[in-house]
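Undergrad: Let's see this in three dimensions:
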Amino acid sequence: MSGIIFFKTRKLEDIKSFYINEVGCTIWMDQGDCIILQHDNLLLGFCQRESVDTMGMITFYYEEKTQVDIMYDKFRAISDESPRDNPKYPIYHFFCKDPEGRILEFQYFYNFQTLSS
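TA: Next up, the predicted model:
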């Protein structure tokens, strides 16, 4: 593993439930007031604190475009708009927010085969 991104949270149990039950993360390590969650090779840590970190954006990458559509169906009610193409990068993606307001992006790279070769 190469690293972990940590965030302060006021709602550790809500965040834990959201990322496990809705996003599909698994528990990598539970340290009581800090939990580290895993989504493929992404590690996210959330620690119970008096303040909240909401800057930046957490991006979840999918190898199939249809997987982005499946996630959109889960988060349709809290999404900014339906998945769309972004020809500049080129990706297919949408945004929503977690229970504390962190921006989440769910994306698929059209040129993944080129990038991974």
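
Undergrad: And the contacts of the top helix by length along the chain?
TA: Once the chain is assigned using DSSP state H, the helix that runs over the most residues is helix 65-75. Here helix 65-75 makes contact (CB atoms under 8 Å, 6 or more residues apart in numbering) with 22-23, 60, 62, 79, 82-83, 92-94, 96, 104, 106-108. Using the backbone N, CA and C atoms, a C-beta is placed for each residue, glycine as well.

Undergrad: same check, this time on stretch 99-115
TA: For stretch 99-115, the external contacting residues (CB under 8 Å, 6+ apart) are 7, 9-11, 14-15, 18, 23, 52-54, 56-65, 67-68, 71-72, 75, 83, 89-98.

Undergrad: from the residues you listed, which would you call buried?
TA: 7, 9, 15, 18, 23, 52, 58, 60-62, 67-68, 71-72, 75, 83, 91-96, 98 (16 or more other CB atoms under 10 Å).

Undergrad: Which ones among these map onto strands?
TA: Of the buried ones among the contacts of stretch 99-115, the ones assigned to strands by DSSP state E are 7, 9, 58, 60, 61, 62, 91, 92, 93, 94, 95, 96.

Undergrad: Where does the record place the domain boundaries for this protein?
TA: 1-53, 54-117 (automatic domain parsing).

Undergrad: what distance separates the first one from the centre of its chain?
TA: Right, domain 1-53. Domain 1-53 has its C-alpha centroid displaced from the chain centroid by 10 Å (CA atoms, centre = their mean, to the nearest Å).

Undergrad: Where do the helices of this structure begin and end?
TA: Using DSSP H, helices in the chain cover 12-17, 65-75, 112-116.

Undergrad: Could you dump those into CSV with distance to residue 29 and mean pLDDT added?
TA: Shown next, in CSV, are these (distance: least, CB to CB, whole Å; pLDDT from 0 to 100):
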stretch, distance to residue 29, mean pLDDT
helix 12-17, 12, 97
helix 65-75, 24, 97
helix 112-116, 28, 51
